[in-house]
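> I would like to see how this sequence folds:
(one chain, ligands or ions: 1)
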Amino acid sequence: VKPSNLLSFSLQAKMSRPVQARRLEGIDKNIWVEFVKLAATYSKVNLGQGFPDFPAPDFLTEAFMRALGGGNHMLHQYTRAFGHPPLVKVLAQFFAKLLGRDLDPMTNVMVTVGAYQALFCCFQALVDEGDEVIIIEPFFDCYEPMVKMAGGTPVFVPLRPNPPKDGKLMSSADWQLDPDELASKFSERTKAIVLNSPNNPLGKVFSHGELGLIAELCVKHDVLCISDEVYEWLVYDGKQHIRIASLQGMWDRTVIVGSAGKTFSATGWKVGWVVGPDRLLQHLRTVHQNSVYHCATIAQEAVAQGFQRELMLYGKPESYFVQLPRELQQKRDWLVQSLDGVGMKPIVPEGTYFLVADISQFKSDVPDVPNSDEPYDYRFAKWMVKNKGLAAIPLSAFYSEAHKNNYTNFIRFCFAKEEATLKAANDILQKWKQEK
Ligand code: PMP
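Below you'll find the predicted structure:
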């Protein structure tokens with residue numbers, strides 16, 4: 001064998017070895033990468049990804065500017081790894097009030113790069129090889145790959161729709177867990193359940209009874225609860241957001257996940273947090289110190305000031321946590337009316353800034369392709385953004401592979417948008433209806 005052949009053989013041998021870690025198998029696709037790109041390329045009106053197109057409140061951006069240009073140049077340097085002290089202090093005060101228990105800012109709160117990193121820390125810290133994690137469908141899509149990356153097995157349980165009989169519009173409250181089905185998913189292999197109330201994408205706000213059922217099963221089977229509450233302030237029609245950690249036996253087994261992005265309409269800041277007992281958070285700190293280590297100081301300082309303001313105004317009409325849901329409820333009602341008017345039946349959300357609508361009456365415009373791997377709602381959403389300039393997200397993206405095909409008649413809209421944006425969406429829908 002010539003030496004040059006030997007060299008090429010050894011190069012080939014190296015190239016044929018997989019470069020990626022096994023834990024990445026099957027989780028390479030991501031709905032947001034695909035649909036954010038489509039929206040950027042084609043959309044005239046983007047009601048797809050969940051972010052406001054109105055400005056963050058002045059008190060927050062002013063706090064950021066003060067932090068940036070004020071006298072304290074140390075705000076441009078590293079701060080405490082597990083959270084900037086003023087932010088963890090005010091979060092501890094705020095959540096102590098909400099949960100009715102004393103919290104230690106140093107051990108019961110940790111700041112993260114958005115709720116996304118908070119979730120990543122939860123799964124990496126609490127889920128082991130072979131553990132099962134119950135996920136309620138439809139679900140914020142990252143839970144599934146994050147469980148898998150930790151070596152766990154996701155176990156899905158669906159919210160089942162019960163259409164109202166009186167011809168009224170369906171509400172997110174009409175999507176419910178079957179108590180027996182839920183109970184059947186718990187076993188000695190179950191390590192945790194992920195709860196997301198208010199729920200993205202449906203906008204469901206879990207009732208006290210539903211949370212009680214979940215809590216009872218968690219206590220009975222010694223299961224942890226990862227409670228994603230990023231939309232905690234976005235609840236409508238006088239409904240109440242109930243924190244599962246405040247139910248009997250739940251504090252010690254729950255990690256609450258929150259987001260300043262959703263709370264203060266500043267998703268680009270990527271400031272999130274976890275609140276929970278030290279026995280759980282100590283392990284999240286281990287993940288955090290070995291991955292991200294610490295988050296941007298100035299954004300944390302500004303969010304701390306935002307919370308200080310809200311603590312002072314708690315429950316008062318001037319509070320942003322009172323004003324924002326009032327404004328969003330009106331936007332929800334506009335979009336509900338607009339969709340109902342054209343026959344794209346909306347499921348009225350009790351919370352969040354998302355709304356799921358039934359596209360059945362528009363299906364004749366976008367013919368199905370039999371035997372395609374792509375769920376129908378994906379094709380519909382792609383066709384809609386390319387042909388009508390309106391971006392939305394297919395609902396089946398929020399289901400596991402095995403259940404995707406049962407929910408392909410819906411798309412999700414985000415209504416955290418300026419009046420003009422919602423009006424432009426309405427114009428597109430009206431015109432489309434007339435052309436049909
Ligand atoms: N959880 C849910 C349910 C969400 O909808 C989102 C954002 N879309 C996140 C977590 C992530 O939040 P953040 O932007 O703070 O990382």
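> rest of the way, CA atoms for contacts and neighbours
OK.
> Excluding residues flanking it in the chain, which one is nearest Lys363?
In space, and not counting its chain neighbours, Lys363 is closest to Phe380: 7.9 Å by CA to CA, 6 or more residues apart in numbering.
> Identify the residues contacting stretch 92-104?
Contacts made with stretch 92-104 from outside it, assessed by CA atoms under 8 Å, 6 or more residues apart in numbering, are listed as 105, 108-109, 243, 245-246, 275, 307, 311.
> Sort out which residues of that stretch are buried, please.
By neighbour count with 16 or more other CA atoms under 10 Å, stretch 92-104 contains the buried residues 92-95, 99, 103-104.
> what does stretch 68-83 give?
Using 16+ other CA under 10 Å as the burial criterion, the residues of stretch 68-83 that qualify are 68, 75, 79, 81-83.
> Quick check: beta-bridge partners of Val235?
Under DSSP bridges, the beta-bridge partners of Val235 are Gly351.
> Pretty sure Glu350 is one of the things it touches, is it not?
Yes. The pair formed by Val235 and Glu350 meets the contact definition of CA atoms under 8 Å, at 6.0 Å.
> okay, and the common contacts of those two?
A shared contact of Val235 and Glu350, defined by CA under 8 Å, 6+ apart, is any residue touching both; here these are 198, 205.
> what residue lies at the spatial centre of the protein?
With distances taken as CA atoms, centre = their mean, the chain has Phe140 as the residue nearest its mean C-alpha position (5.0 Å).
> correct me, but that residue touches Phe398?
Yes. Between Phe140 and Phe398 a contact is recorded at 6.0 Å, counting by CA under 8 Å.
> list the residues that contact both of the two?
When contacts are counted by CA under 8 Å, 6+ apart, the set common to Phe140 and Phe398 consists of Pro201.
> what's next to stretch 44-58, contact-wise?
Residues from elsewhere that reach stretch 44-58 (CA under 8 Å, 6+ apart): 32, 35-36, 39, 262, 264-267, 353-354, 389-393, 412-418, 421, 424-425.
> now swap in stretch 202-213 and tell me
The set of residues that contact stretch 202-213 without belonging to it, under CA under 8 Å, 6+ apart, is 138, 172-173, 175, 177, 179, 197-199, 235, 241-242, 244, 247, 347-356.
> list the buried ones in that stretch?
The neighbour-count criterion (16+ other CA under 10 Å) identifies 202-206, 211-212 as the buried residues of stretch 202-213.
> Columns secondary structure on top of those, output as a markdown table?
Formatted as a markdown table, the buried residues of stretch 202-213 follow (DSSP: H, G, I helix; E, B strand; the rest coil):
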| residue | secondary structure |
| --- | --- |
| Leu202 | coil |
| Gly203 | coil |
| Lys204 | coil |
| Val205 | coil |
| Phe206 | coil |
| Leu211 | helix |
| Gly212 | helix |
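> So which of the contacts of stretch 44-58 are in helices?
Judged by DSSP state H, helices contain the following of the contacts of stretch 44-58: 32, 35-36, 39, 262, 421, 424-425.
> Any of the residues you listed buried? List them.
Buried among the ones in helices among the contacts of stretch 44-58 by 16+ other CA under 10 Å: 35-36, 39, 262, 421, 424-425.
> just curious, which of those residues is nearest to the ligand?
For these, the closest approach to the ligand (CA to the nearest ligand atom) belongs to Lys262, at 6.5 Å.
> Run through the residues that contact the closest residue in space to Ile31 that isn't next to it in sequence.
Counting by CA to CA, 6+ apart, Ala397 is the residue found nearest to Ile31 once chain neighbours are left out, at 6.7 Å. Remark: with contacts taken as CA under 8 Å, 6+ apart, Ala397 is in contact with 31, 141, 404.
> What sits closest to Glu181 if chain neighbours are left out?
With CA to CA, 6+ apart as the measure, Val157 is the residue that lies nearest to Glu181, at 7.3 Å, once sequence neighbours are left out.
> could you measure that neighbour against the ligand, distance?
Val157 sits 17 Å away from the ligand, going by CA to the nearest ligand atom, to the nearest Å.
> if we can go back for a sec, between the buried residues of stretch 202-213, which is nearest Pro317?
Distances from those to Pro317 were compared by CA to CA; the smallest belongs to Val205, at 22.6 Å.
> confidence score at that closest one?
Each residue has a pLDDT score; the one for Val205 is 98.
> residues contacting the nearest residue to it once chain neighbours are set aside?
Excluding its sequence neighbours, the residue lying closest to Val205 (CA to CA, 6+ apart) is Pro198, at 4.5 Å. For Pro198, the contacting residues are 204-206, 229-232, 234-235, 241, 350-352, by CA under 8 Å, 6+ apart.
> Make a ChimeraX selection of the buried ones in these.
The ChimeraX selection below is limited to those of the contacts of Pro198 classed as buried (16+ other CA under 10 Å):
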select :204,205,206,229,230,231,232,234,235,241,350,351,352
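> The ligand next: which of the contacts of Pro198 are close?
Val230 (CA under 6 Å from any ligand atom).
> I'd like the contacts of Pro198 as CSV, with distance to Glu318 appended.
Formatted as CSV, the entries for these read as follows, by distance: CA to CA, whole Å:
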residue, distance to Glu318
Lys204, 26
Val205, 24
Phe206, 27
Glu229, 23
Val230, 21
Tyr231, 19
Glu232, 18
Leu234, 16
Val235, 17
His241, 20
Glu350, 22
Gly351, 20
Thr352, 21
